[in-house]
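> Model the structure of this input:
(2 chains)
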2 protein chains.
Amino acid sequence: MTLTLRPVRPEDRDAFWHMFKPILRAGTTYALPRDMQPARAWAYWSEAPLETWVAEDQGSVLGSYYLKANALGGGAHVGNCGYIVADHAQGRGIASALCAHSLERARAQGFKALQFNCVVSTNTRAIALWERFGFQTVGRLPGAFSHPEMGEVDALVMYQRL
Amino acid sequence: MTLTLRPVRPEDRDAFWHMFKPILRAGTTYALPRDMQPARAWAYWSEAPLETWVAEDQGSVLGSYYLKANALGGGAHVGNCGYIVADHAQGRGIASALCAHSLERARAQGFKALQFNCVVSTNTRAIALWERFGFQTVGRLPGAFSHPEMGEVDALVMYQRL
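Got it, this is the predicted structure:
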């Protein structure tokens, strides 16, 4: 596998939806509507953010992340990212490659910190990965995420100064 | 003073702007653009939220708050509020009246918790008030708010189950 990261392009839309749809429909990791439709999801992922990147192996898009400001005004120097990896490409280090790249890009954009606002506490694999990349849990919100199978579970706020 | 709380109306727009403009321009408490213009501020405060209320004394609007969902999907059962009090009406218990009312309304709307995402740590009067109303600091974001006079100060995440 030779993973290449490049900026998202309009023609990535179907590959993106193929990755993101099962994540949305499962409703276990993102605080987004489970029935979110493709056009809205694409706008959320690739238009609203400052930058969106895809990870590609031999022409196949296997993952993606976005980078945006986490807040406006006095909070605009803190960035926020979201990451996805295609189901069939799990366990190949793609999430790590995306996370490492996103830290570089956040620094390049001048962000002073990165923040994840609603990390579902049951998403332990992602949490472990982010911890390896320097994120710390700086907050715990009791019952703040309604998990389709597990009911109300805690959400974490994760943060890292850059 | 006989404070009455009622839902916001279109004709409150000027009174709202008179209260909110100095708060925005100061840039010390809300993570919003300091140069935010009236139409956008009005939409943010009175159109995007689920409910917006004003506190009125003898026909004068002296404060306001909004209530909305803090997130989508699995986070939609957590509410979020913003509060403002007119400069000249500080110290009369208006913020307390707004906060008490907002907790009632959040419960009535079925929210299971209320969350404030970016409480500027130097806003000690507001923090003390929210603590009196049952909010706890569940997270601290180092340097996450850029204060116009004090530089990067911590932001707090405050939370209360309902």
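
> so what's A:Leu141 up against?
A:Leu141 makes contact with A:118, A:154-157, B:78, B:113, B:115, B:138-139, B:157, B:159, according to C-beta atoms under 8 Å, 6 or more residues apart in numbering or on different chains. For every residue, glycine as well, the C-beta is placed using N, CA and C.

> which one among these gets closest to A:Glu11?
Out of the contacts of A:Leu141, the one with the shortest distance to A:Glu11 is A:Cys118. That distance is 30.5 Å, counting by C-beta to C-beta.

> count of residues packed around the closest one?
24 (other C-beta atoms under 10 Å in any protein chain shown).

> Tell me who's in contact with it.
Under the criterion of C-beta under 8 Å, 6+ apart, the contact list for A:Cys118 reads A:31, A:141, A:144-145, A:155, A:157, B:71, B:75.

> Over to A:Pro33?
With contacts defined as C-beta under 8 Å, 6+ apart, the neighbours of A:Pro33 are A:24, B:72-73.

> Can you lay out these as CSV showing distance to A:Gly59, pLDDT and neighbour count?
Formatted as CSV, the entries for the contacts of A:Pro33 read as follows, by distance: C-beta to C-beta, whole Å; pLDDT from 0 to 100; neighbours: other C-beta atoms under 10 Å in any protein chain shown:
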residue, distance to A:Gly59, pLDDT, neighbour count
A:Leu24, 25, 97, 20
B:Leu72, 33, 96, 15
B:Gly73, 32, 97, 21
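
> Go through those residues and name the one nearest B:Glu56.
Of the contacts of A:Pro33, the one sitting nearest to B:Glu56 (C-beta to C-beta) turns out to be B:Leu72, at 32.4 Å.

> List the contacts of that closest one.
Taking C-beta under 8 Å, 6+ apart as the test, what B:Leu72 contacts is A:31-33.

> how about stretch A:102-111, does it reach chain B?
No. Applying C-beta under 8 Å from any C-beta of the partner chain, one finds stretch A:102-111 out of contact with chain B, separated by at least 11.1 Å.

> Please report phi then psi for the residue of chain A at minimum distance from chain B.
Across chain A, no residue is closer to chain B than A:Gly139, which sits at 2.0 Å (C-beta to the nearest C-beta). Geometry field for A:Gly139 lists phi and psi as phi -160, psi 150, criterion degrees, to the nearest 10.

> Enumerate every residue touching it.
A:Gly139 makes contact with A:156-157, B:138-141, B:157, according to C-beta under 8 Å, 6+ apart.
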